[in-house]
Structure formats: structure tokens, C-alpha cells
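sequence and predicted model, in that order:
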Amino acid sequence: MIAVEFNSSSKYFDKECSDKKNNTVRNNDGGSRFKVLKEFADGTLKDLAIIIRSTDGRRFIRQINDVSIYGDLFIITWKQRLNDNEVNYEIRA
């Protein structure tokens with residue numbers, strides 16, 4: 001499985017990690033991870049995970065179930081918790 005990685009401020013990380021907020025909105029910086037997200041949004045890529053890292057070193061991984069694109073904004077929604085020890089993934093930074 002391919003994974004994209006993003007950082008999150010403490011303000012949002014706890015909500016995202018608890019799945020109270022199961023999405024993130026990111027501005028396209030032109031990096032390769034946004035090309036991967038576009039492939040998922042277009043249906044070319046079927047399985048994709050997201051790794052969110054906090055500013056204090058914590059992290060979690062989730063399976064993405066939707067990517068919506070609005071201009072340069074990517075709205076990434078996840079549905080399923082993934083355990084780092086049970087998933088093989090390749091990070092696209």
C-alpha cells in the first residue's frame with residue numbers, strides 16, 4: 001500500500017487521531033504526494049493510506065476512502081484505522 005505523509009499541529013492532531021475529525025484539508029504544494037492523491041481521486045490508485053505526524057512526534061495511520069479536489073485544496077477523508085505493525089506501505093513524500 002502507498003502512503004502519503006503530512007504534519008499536523010497539536011490543535012488538530014488529537015481530534016484527527018481520535019477520529020472525531022476524520023479528514024484534513026491541504027493546499028497543493030506541487031509535491032509528489034499530491035500527484036498520488038490525484039491518482040486516488042481519479043480512481044487510478046485504489047488503496048492509499050495517510051500518515052499524520054504531530055509536532056511532538058506522535059503519529060497515526062489511516063486508510064483513505066476519499067480525496068476531493070477543489071482548486072488547489074485537497075480534502076482527504078479516512079475511514080479505517082491501520083496498525084503500523086500490520087501494514088506494509090511505501091511513503092510518497
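Done, it's in. Numbers count the residues shown, from 1 in each chain.

in the protein, where's the longest helix?
helix 32-42 (DSSP state H).

mean confidence (pLDDT) on that one, please.
The average pLDDT within helix 32-42 is 97.

show me how far it is from its chain's centre.
When distances are taken as Cα atoms, centre = their mean, to the nearest Å, helix 32-42 is centred 11 Å away from the chain's centroid.

can you list contacts of that helix?
Helix 32-42 has contacts (Cβ atoms under 8 Å, 6 or more residues apart in numbering) with 2, 4-6, 26, 28, 45-46, 48, 64, 67-69, 74, 76, 92-93. To be clear about C-beta, it is placed using only N, CA and C from the backbone, and glycine gets the same treatment.

repeat that with 7 Å
2, 4, 28, 45, 48, 64, 67-69, 74, 76, 92-93 (Cβ atoms under 7 Å, 6 or more residues apart in numbering).

which ones are touching D14?
Per Cβ under 7 Å, 6+ apart, neighbours of D14: none.
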